[in-house]
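Peer 1: the following block contains a protein sequence and its predicted model.
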Amino acid sequence: MIENVIGREILDSRGIPTVEAQIVLQDGTTARASVPSGASTGEFEALELRDQDAGRYLGKGVMKAVHHINHEIKEAIKGMDVSDIYAIDAAMLALDGSEDKIHLGANAILAVSLACAKTAAKAYHLPLYRFIGGINANRMPLPMMNILNGGAHAANTVDIQEFMIMPIGASDFQEGLRWCAEVFQTLKAILKKDGHITAVGDEGGFAPNLKNDEEAIEYILKAIEAAGYQAGSDFALALDAAASEWKSKDNDAYFLPKSKIRYTSEQLIERWEQLVQSYPIISIEDGLDEEDWEGWQELTKRLGKQIQLVGDDLFVTNTKRLSKGIKQHCANAILIKLNQIGSLSETMEAVKMAQEAGYRAIISHRSGESEDTTIADLAVALNTSQIKTGAPSRSERVAKYNQLLRIEEALGEHAICLKEKAVANR
Ligand SMILES: O=C(O)[C@@H](CO)OP(=O)(O)O
Ligand SMILES: [Mg+2]
């Protein structure tokens, strides 16, 4: 039974205040969880109480969220069974009463929702992935490791936000992660040799100033080869364009702010087709804007049988937007970010809806993270088969990978591994 609910303000990986919640049960069992936050946030995400202005320590929004946890939320869920996550979430949603969680703050609700799940797992003496997923939780995810950053995540000349490597030929998670780390380190050496900066972006990938997005891909392919692997069989590439950031407000066109190139929706689709033809790319996320539904239909028609098309800003982990997308045949996968929707139960419903419709679900971090590793457990618990959690140069990202290593060790011979080729349509 929930005895106490504590909210506190902590810092995220960008040094911006965020929310942590702690639950205490009657018998003293306690656990805590914290929430991340995005930079390239979708317009339709649930609303956090949070301030984002860089350069000033603004904690006002977070202070409000923390206050809500310590008062209204605590009163509403005190005495409830901590393992009944759906009931706890429902109580918080009813208390908030808004569509987008603006009253209590999606960050306040999510922090409590996750802290309850972690506390319940502890109370039952189960690892978090087992508490959430039961005996069904046995599939390790394939990493989508973002090793080169651009777009809104880096102050460089590259427009595409994320260039990711996926170790599709590795036989287990541990091996796949090691391969990725080797390629990451090799990429650093190659960039350095060519006189590029090797400073990293928000998600830990390098952020060099390159001629264009193609050069970024070429560097990654070079690194894969120099590390002793083959692109196409050992590794595949994945991109997150974050194209909602490119939508120009004055007309229907896309404007890429760094290369200063303008595209129509049709031209952008052609560009993705060309890139997929030229390189071993098996997944493109947010290739178009979050409201370009017609464009998404066309993109899915043209590339949906060949590669994974992931809706992030398009779906914002929201079952309403996802069901619209499924009906209209937009994309074939959804990126799952807990704070886009703001509670664990709603996140689980989004994953279920996707999987029932034959869409893949990919668990993801945010560009502003904390040391909380819940998403690692969730990837296994919900059998998502893929996880996006950055590069191994920043501890808030490494923490998730390390947790997955522990889970794979615990699953032992019963772990279902990467060989099943989570993504490959080709
Ligand atoms: O666009 C994305 O997929 C994410 C995470 O990689 O970035 P942000 O958290 O800034 O929205
Ligand atoms: Mg994205």
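Peer 2: Looks like it came in fine. Ligands and ions are numbered 1, 2, ... in the order given.

Peer 1: what pLDDT does the residue nearest to residue 92 when sequence neighbours are not counted get?
Peer 2: Nearest residue to residue 92 in three dimensions, chain neighbours excluded: residue 109, at 4.8 Å (C-beta to C-beta, 6 or more residues apart in numbering). To be clear about C-beta, it is placed using only N, CA and C from the backbone, and glycine gets the same treatment. Looking at residue 109, its pLDDT reads 98.

Peer 1: was I right to think residue 109 contacts residue 90?
Peer 2: No - Residue 109 is not in contact with residue 90 according to C-beta atoms under 8 Å; the separation is 11.0 Å.

Peer 1: between these two, tell me which one has more neighbours.
Peer 2: residue 109 (33 against 13; other C-beta atoms under 10 Å).

Peer 1: buried ones in the helix or strand hosting that one?
Peer 2: Element membership for residue 109, per DSSP states H and E: helix 106-123. Buried positions in helix 106-123, judged by neighbour count with 16 or more other C-beta atoms under 10 Å: 106-123.

Peer 1: also stretch 185-195?
Peer 2: Neighbour counts over stretch 185-195 (16+ other C-beta under 10 Å) mark 186-188, 190-191 as buried.

Peer 1: same thing with stretch 158-177?
Peer 2: Judged by neighbour count using 16+ other C-beta under 10 Å, the buried positions of stretch 158-177 are 158-170, 173-174, 176-177.

Peer 1: contacts with ligand 2 among those, please.
Peer 2: For ligand 2, no contacts are drawn from the buried residues of stretch 158-177 by C-beta under 5 Å from the ion.

Peer 1: give me the subset of those residues that also touch ligand 1.
Peer 2: Restricting those to those near ligand 1 by C-beta under 6 Å from any ligand atom leaves residue 162.

Peer 1: so of the buried residues of stretch 158-177, which ones are in strands?
Peer 2: Per DSSP state E, strands hold the following members of the buried residues of stretch 158-177: 162-166.

Peer 1: thought residue 220 was touching residue 237?
Peer 2: Yes - using C-beta under 8 Å, residue 220 is in contact with residue 237, at 6.7 Å.

Peer 1: how about the residues of the stretch 301-426 of the chain near ligand 1?
Peer 2: Within the stretch 301-426 of the chain, the positions near ligand 1 by C-beta under 6 Å from any ligand atom are 312, 335, 364-367, 388.

Peer 1: nearest residue to the middle of this protein?
Peer 2: Nearest to the geometric centre of the chain sits residue 364, at 1.8 Å (C-alpha atoms, centre = their mean).

Peer 1: quick one, what contacts the residue nearest to that residue when sequence neighbours are not counted?
Peer 2: Nearest non-adjacent residue to residue 364, counting by C-beta to C-beta, 6+ apart: residue 388, 4.2 Å away. Contacts of residue 388 were listed using C-beta atoms under 8 Å, 6 or more residues apart in numbering, and they are 144, 146, 162, 164, 240, 335, 362-365.

Peer 1: now narrow the residues of the stretch 301-426 of the chain next to ligand 1 to whatever sits close to ligand 2.
Peer 2: Near ligand 2, by the rule C-beta under 5 Å from the ion, you find residue 312 out of these.

Peer 1: report the lowest-confidence entry in the residues of the stretch 301-426 of the chain next to ligand 1.
Peer 2: Ranking those by pLDDT, residue 367 lands last with 92.

Peer 1: that one is in contact with residue 12, isn't it?
Peer 2: No - using C-beta under 8 Å, residue 367 makes no contact with residue 12, being 9.5 Å away.

Peer 1: shared neighbours, these two?
Peer 2: residue 37.

Peer 1: quick one, which of these two is more surrounded?
Peer 2: Comparing residue 367 with residue 12 by other C-beta under 10 Å, the one with more neighbours is residue 367, at 26 against 23.

Peer 1: sorry, back to before: how about the buried residues of stretch 185-195 in JSON lines, adding distance to residue 259, pLDDT and secondary structure?
Peer 2: Compiled in JSON lines, the buried residues of stretch 185-195 are given as follows (distance: C-beta to C-beta, whole Å; pLDDT from 0 to 100; DSSP: H, G, I helix; E, B strand; the rest coil):
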{"residue": "186", "distance to residue 259": "26", "pLDDT": "98", "secondary structure": "helix"}
{"residue": "187", "distance to residue 259": "21", "pLDDT": "98", "secondary structure": "helix"}
{"residue": "188", "distance to residue 259": "24", "pLDDT": "98", "secondary structure": "helix"}
{"residue": "190", "distance to residue 259": "22", "pLDDT": "98", "secondary structure": "helix"}
{"residue": "191", "distance to residue 259": "19", "pLDDT": "98", "secondary structure": "helix"}
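
Peer 1: out of the residues you listed, which comes closest to residue 408?
Peer 2: For those, the closest approach to residue 408 (C-beta to C-beta) belongs to residue 186, at 23.9 Å.

Peer 1: show me what contacts the closest one?
Peer 2: 223, 226-227.

Peer 1: now do residue 214
Peer 2: Applying C-beta under 8 Å, 6+ apart to residue 214 gives the contacts residue 275.

Peer 1: which element is it on?
Peer 2: Going by DSSP H and E, residue 214 is part of helix 213-226.

Peer 1: tell me what the closest residue to ligand 2 within the stretch 101-250 of the chain is bridged to.
Peer 2: Nearest residue of the stretch 101-250 of the chain to ligand 2, counting by C-beta to the ion: residue 240, 4.4 Å away. Residues in a beta bridge with residue 240, per DSSP bridges, are residue 162, residue 285.

Peer 1: quick one, what contacts it?
Peer 2: Neighbours of residue 240 in contact, by C-beta under 8 Å, 6+ apart: 146, 160-162, 164, 284-286, 310, 312, 388.

Peer 1: repeat that for residue 44.
Peer 2: 290, 313, 316, 318, 321.

Peer 1: any chance you could list what contacts the helix or strand of the chain with the lowest mean pLDDT?
Peer 2: Using mean pLDDT, DSSP states H and E, helix 60-68 stands out as the lowest-scoring helix or strand of the chain, at a mean of 90. In this structure, residues lying in contact with helix 60-68 by C-beta under 8 Å, 6+ apart are 7-9, 17-19, 48-51, 104-105, 107-108, 111.

Peer 1: what subset of these is buried?
Peer 2: Judged by 16+ other C-beta under 10 Å, buried ones among the contacts of helix 60-68: 7, 17-19, 48-50, 104-105, 107-108, 111.
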